[in-house]
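In: what's the 3D shape of this:
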Amino acid sequence: MYFPYLRGKQNELAALKEVVSRLKVDKVYPVVEPVKSNTKPLLKTISILNDNGIIPHIIVNPEVGDLATDSPDHLYNTISKESVKFVPCIRLNNQNITNTQTFLNQLIDRGLEFSLLLQEDILSNINSFTAKARANLIIDQSRYSHTFANLIPNCVIISSSFPTKDKNANYNSIPQFFSDAHITYKVPLVQNQIGFGDYLIIDNAWSTNGGPAYVVALHITYIENSNLNMYVKHSLSITNPSSQSDIAGKFQEALNEMIQFANQTPSLDQNTLGFQEYIDIHKRKSFHALGIPKKLSMMHHMETISNYL
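Out: Now for the predicted structure:
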């Protein structure tokens, strides 16, 4: 099972809403960490996911953004007041366990489903919680002791697979290995692994920074037919890399390179909804703010994995 981890920013929520009809409801379980104080877009997204048969896992005590807190009560109550279905996911570490145990016990007493995001080896005995959790998410297997990870039931390993660079110009134009988690989770890597996840075509670092780029970089993932590994292709603009001018022209330059690569790479599925929109933009030679390509690449990534599963 695939657990894509998204932060509740505008384009991440839009990606989920637009691609949901293409996802396998019994294979894809989105995890959303809300980061905006205005929860209306989040609630709308959950509603659309529900309409398409998907019940998302929502981090009710986010670590970053406007809603960052160790207490899960407020956000959980806010969402629960609405007529939407979600699985509350509680972020758990050694510092906040005292604040969360009461809440977890209340969910258990009421017979409600929940999941856990375990941020580290928990020193306290949490067996009564992990045993009842629908899924227990860990971030990067190497951050946990072998013993702890292998004792977790219903374990999902979330990996930060995207090879982030400080500057777009530093991305390599040669496709890079992205992940084989869609293969190895069946082995599994830890004793009770039931699924895998990633942060799509970004990494797990939180940032609100943005702005005009000197080099436009577009990122697209694909599963290579010959070995079934996933790779990521970075398509870059090359004109005037020392200037922030003509972003629209640089976008078209990077998009031209991406489309040319796709046409030469049978493994890259051009029939996904996200890539079809890239093709439409390319034909119309139109330009969108760079958040739109990010959304399309996220849509393509989720649908690509869903199709494989």
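
In: Need the residues that contact stretch 238-258.
Out: Stretch 238-258 is contacted by residues 169, 173, 212-218, 220, 233, 235-237, 278, 281-282, 285, 287-288, 290, 293 when judged by CB atoms under 8 Å, 6 or more residues apart in numbering. Just so you know, the C-beta spots here come from the backbone N, C-alpha and C atoms, and that holds for glycine as well.

In: at 10 Å instead, please
Out: 167-169, 173, 211-220, 233-237, 268, 275, 278-279, 281-282, 285-290, 292-293, 297 (CB atoms under 10 Å, 6 or more residues apart in numbering).

In: Just the buried positions in it, please.
Out: Across stretch 238-258, burial judged by 16 or more other CB atoms under 10 Å covers I247, K250, F251, Q252, E253, A254, L255, E257, M258.

In: cool, stretch 277-288 as well?
Out: Residues of stretch 277-288 classed as buried: E277, Y278, I281, F287 (neighbour count, 16+ other CB under 10 Å).

In: got TSV for these, with pLDDT, secondary structure and distance to I48 too?
Out: Formatted as TSV, the buried residues of stretch 277-288 follow (pLDDT from 0 to 100; DSSP: H, G, I helix; E, B strand; the rest coil; distance: CB to CB, whole Å):
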residue	pLDDT	secondary structure	distance to I48
E277	96	helix	18
Y278	96	helix	22
I281	93	helix	23
F287	76	coil	27
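
In: mind exporting whichever strand or helix holds S297 as CSV, just the C-alpha atoms?
Out: Assigned by DSSP states H and E, S297 falls within helix 291-308. Taking Å, rounded to 0.1, in the frame of the first residue of the first chain, the C-alpha atoms of helix 291-308 are listed here in CSV:
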residue,chain,number,x,y,z
GLY,A,291,3.4,26.0,-8.6
ILE,A,292,1.3,24.5,-11.4
PRO,A,293,4.2,22.3,-12.7
LYS,A,294,4.9,21.1,-9.2
LYS,A,295,1.2,20.1,-8.9
LEU,A,296,1.3,18.3,-12.2
SER,A,297,4.4,16.4,-11.3
MET,A,298,2.9,15.3,-8.0
MET,A,299,-0.2,14.1,-9.8
HIS,A,300,1.9,12.2,-12.3
HIS,A,301,3.9,10.6,-9.5
MET,A,302,1.0,9.4,-7.5
GLU,A,303,-0.8,8.0,-10.5
THR,A,304,2.4,6.3,-11.7
ILE,A,305,2.8,4.4,-8.4
SER,A,306,-0.9,3.7,-8.2
ASN,A,307,-0.8,2.2,-11.7
TYR,A,308,2.1,0.0,-10.8
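
In: list the helices and strands that helix packs on?
Out: The helices and strands touching helix 291-308, judged by 3 or more CB pairs under 10 Å, 6 or more residues apart in numbering; DSSP states H and E, are helix 10-19, helix 181-184, strand 193-198, strand 217-223, strand 230-236, helix 247-263, helix 273-284.

In: Report the buried members of the contacts of stretch 238-258.
Out: So, by 16+ other CB under 10 Å, the buried ones in those are 168, 213-220, 233-237, 268, 275, 278, 281, 287, 290, 292-293, 297.

In: my guess is L116 contacts F103, does it?
Out: No. Contact status for L116 versus F103: not in contact, 11.6 Å apart, counting by CB atoms under 10 Å.

In: For the residue of the chain most remote from its centre, grab phi and psi.
Out: No residue in the chain sits farther from the centre than N240, which is 32.3 Å out by CA atoms, centre = their mean. Dihedral pair for N240: phi 50, psi 60, per degrees, to the nearest 10.

In: separation between it and L255?
Out: Distance of N240 to L255, given as CB to CB, to the nearest Å: 17 Å.

In: again, but for L273
Out: Distance, L273 to L255, using CB to CB: 17 Å.

In: Then Q95?
Out: For Q95, the distance to L255 - CB to CB - is 45 Å.

In: which parts of stretch 55-75 are buried?
Out: Quick answer for stretch 55-75 (16+ other CB under 10 Å): 55-63, 65, 67, 70, 72, 75.

In: out of those, which one sits closest to I183?
Out: Of all those, I183 sits closest to H57, with 22.9 Å by CB to CB.

In: which residues does P4 contact?
Out: Applying CB under 10 Å, 6+ apart to P4 gives the contacts 12, 15-16, 23, 28-32, 56, 158, 196-200, 298, 301-302, 305-306.

In: Great, nothing more from me.
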